[in-house]
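**Student:** Predicted model and sequence follow; I will ask about them next.
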4 protein chains.
Amino acid sequence: MNTANKIVAKMIAEDNFSRWLGIEPILIEDGHCILKMKIREEMVNGLGSAHGGIAFSFADSALAFASNSYGRLSVALECSITFAIPLMTGDEITCEATELSLTNKTGTYHIEISNQKKQKVAFFKGTVYRTSKIWES
Amino acid sequence: MNTANKIVAKMIAEDNFSRWLGIEPILIEDGHCILKMKIREEMVNGLGSAHGGIAFSFADSALAFASNSYGRLSVALECSITFAIPLMTGDEITCEATELSLTNKTGTYHIEISNQKKQKVAFFKGTVYRTSKIWES
Amino acid sequence: MNTANKIVAKMIAEDNFSRWLGIEPILIEDGHCILKMKIREEMVNGLGSAHGGIAFSFADSALAFASNSYGRLSVALECSITFAIPLMTGDEITCEATELSLTNKTGTYHIEISNQKKQKVAFFKGTVYRTSKIWES
Amino acid sequence: MNTANKIVAKMIAEDNFSRWLGIEPILIEDGHCILKMKIREEMVNGLGSAHGGIAFSFADSALAFASNSYGRLSVALECSITFAIPLMTGDEITCEATELSLTNKTGTYHIEISNQKKQKVAFFKGTVYRTSKIWES
């Protein structure tokens, strides 16, 4: 298990909400990750599809895992999401976080969410502030 | 109970995730709403504060309630959030959605989240697409 | 002339592009400013209205002036803009930057652009990184 | 010359501001384009680098060209930009617009700007509304 995997395993162990969501890591590398989860009935909103906060939360976990993978505690400053296709109960979704930029102080990531039909359902861009605090491994 | 209140009451009744979050409406008007909720242990992430998706989801519910209040089914297209202050377990937070713009096809809202110390903790801007579907009351 | 005014006067003196745009300060205070400019023929795009970059640039100057007003050199990290109403040649527009949040490292501002009919035409949210460099006055 | 090229040639002919910027198309295809331009002295701001509005405007032109390439008049609704590396006078920059999503009503594009050293300097996400108006060719 590499360092990035150890850090993310520790993050998930302490991350109650990512566990409630049922997020599972598929691949964790420095500045990069792939995650999966399944849409459950309790995630649905009043419009008959998954609440927008579910897709956002999924991508936001990917942002946290990809940006903290280097071992520096990193916190989200600003995130945006574009919703293309609604998510329905039972959908199995994956997301991939790709690093766009990494400086000493900040990192920026592009994250795409896809459903089981390989349709891209949402697009997320997030920027983190990299603190000087180090994750203990 | 005015029309906006009836629509939002119906939305909340069908919105499993907003109910899981414990969102309660304080004020619902056309294009405007104030909501409250409390941060619980199960909303915390691996960094010791509320997962960023919690604040986003709270504001996204406010976006849905404010924009659907007119009776036209409206769905989020694009949302962004800026995180200023972390939320901790036990925090009692409120948010207010203010309408910036309303056209036949789209609506844009500014939403601020505050904690019990009256600190502004997050800032959200969201744009919805207004479908031609009407909420039955 | 207060410190904020002196800093912004110096910024404008060195800011070739804001001068090309014809931006004039109406009010400059710590964390707050109001600016005006006029849409000229050379700012128009291929769709018959002002290029989206014109409204963005106007708001981005307001972000720079409001955030640098305290005397700490501050640079934009992330900005978003929502376009509500097109701008036409001859339109006289104003914008106001309001501070949403200010920490030691970052500042976030909401900026609204209005036209001469008092219609709100665009909405901007921007976050700056506050460097440790001080403006000489 | 394909249809996408004809439309963009017509757009550029009418787009005074893109011409002031000195934007030149390298590749124009349906939903995709690559553009280049050079940073001039008159584009600089009060902080010694190109005004943030210059990078935004460059990407916004790419958004317009990529989204209008299909022949349906499309207008920007919401755009965000993340600034990673400052642009300096003399820099020769390119940008590439990639289509993330296309529906009947909206299109979303990811646009990256690079400098002559192949460094990625800014990241843009934009969503357009696709009107029913058709470009005459």
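**Tutor:** Structure's in. What do you need?

**Student:** give the contact list for the residue nearest to the spatial centre of chain A.
**Tutor:** If you average the C-alpha coordinates of chain A and look for the closest C-alpha using C-alpha atoms, centre = their mean, you land on A:A62, 1.9 Å from that point. Taking C-beta atoms under 8 Å, 6 or more residues apart in numbering or on different chains as the definition of contact, the neighbours of A:A62 are A:C33, A:L35, A:C95, A:E96, A:A97, A:Y109, A:I111, A:F124. (Glycine included, C-beta is placed from N, CA and C.)

**Student:** Distance check, the first one against A:T106.
**Tutor:** When distances are taken as C-beta to C-beta, to the nearest Å, A:C33 and A:T106 turn out to be 18 Å apart.

**Student:** Compare these two and say which is more crowded by neighbours.
**Tutor:** Set side by side, A:C33 and A:T106 give different neighbour counts by other C-beta atoms under 10 Å in any protein chain shown, the larger being at A:C33 (27 against 21).

**Student:** after the stretch of helix or strand that one belongs to, next one along is what?
**Tutor:** Per DSSP states H and E: A:C33 is located in strand A:32-38. As assigned by DSSP H and E, the chain's next helix or strand after strand A:32-38 is helix A:52-68.

**Student:** Give me the buried positions along that next one.
**Tutor:** Neighbour counts using 16 or more other C-beta atoms under 10 Å in any protein chain shown place A:52-68 of helix A:52-68 among the buried residues.

**Student:** Please apply the same query to stretch A:39-47.
**Tutor:** Neighbour counts using 16+ other C-beta under 10 Å place A:I39, A:R40, A:M43, A:V44, A:N45, A:G46, A:L47 of stretch A:39-47 among the buried residues.

**Student:** so what's the fifth one scoring on pLDDT?
**Tutor:** pLDDT for A:N45: 89.

**Student:** State the distance from the nearest residue to it once chain neighbours are set aside to A:I23.
**Tutor:** Take A:N45 and drop its neighbours on the chain: the residue closest to it by C-beta to C-beta, 6 or more residues apart in numbering or on different chains is A:H51, 3.9 Å away. A:H51 sits 16 Å away from A:I23, going by C-beta to C-beta.

**Student:** of these two, who's got more company?
**Tutor:** Each of A:H51 and A:I23 has its neighbours counted (other C-beta under 10 Å); A:H51 has more, 28 against 20.

**Student:** Surely that one and B:D60 touch.
**Tutor:** Yes. The pair A:H51 and B:D60 passes the contact test of C-beta atoms under 8 Å, sitting 6.9 Å apart.

**Student:** In terms of secondary structure, what does the strand or helix carrying A:I113 contact?
**Tutor:** Assessed by DSSP H and E, A:I113 sits inside strand A:106-114. Using 3 or more C-beta pairs under 8 Å, 6 or more residues apart in numbering or on different chains; DSSP states H and E as the contact definition, the elements that strand A:106-114 packs against are helix A:52-68, strand A:92-102, strand A:120-134.

**Student:** Please name the bridge partners of A:G107.
**Tutor:** Judged by DSSP bridges, the bridge partners of A:G107 are A:L102, A:V128.

**Student:** residues in contact with it?
**Tutor:** Contacts of A:G107 were listed using C-beta under 8 Å, 6+ apart, and they are A:G31, A:S67, A:S74, A:E99, A:S101, A:T127, A:V128, A:R130.
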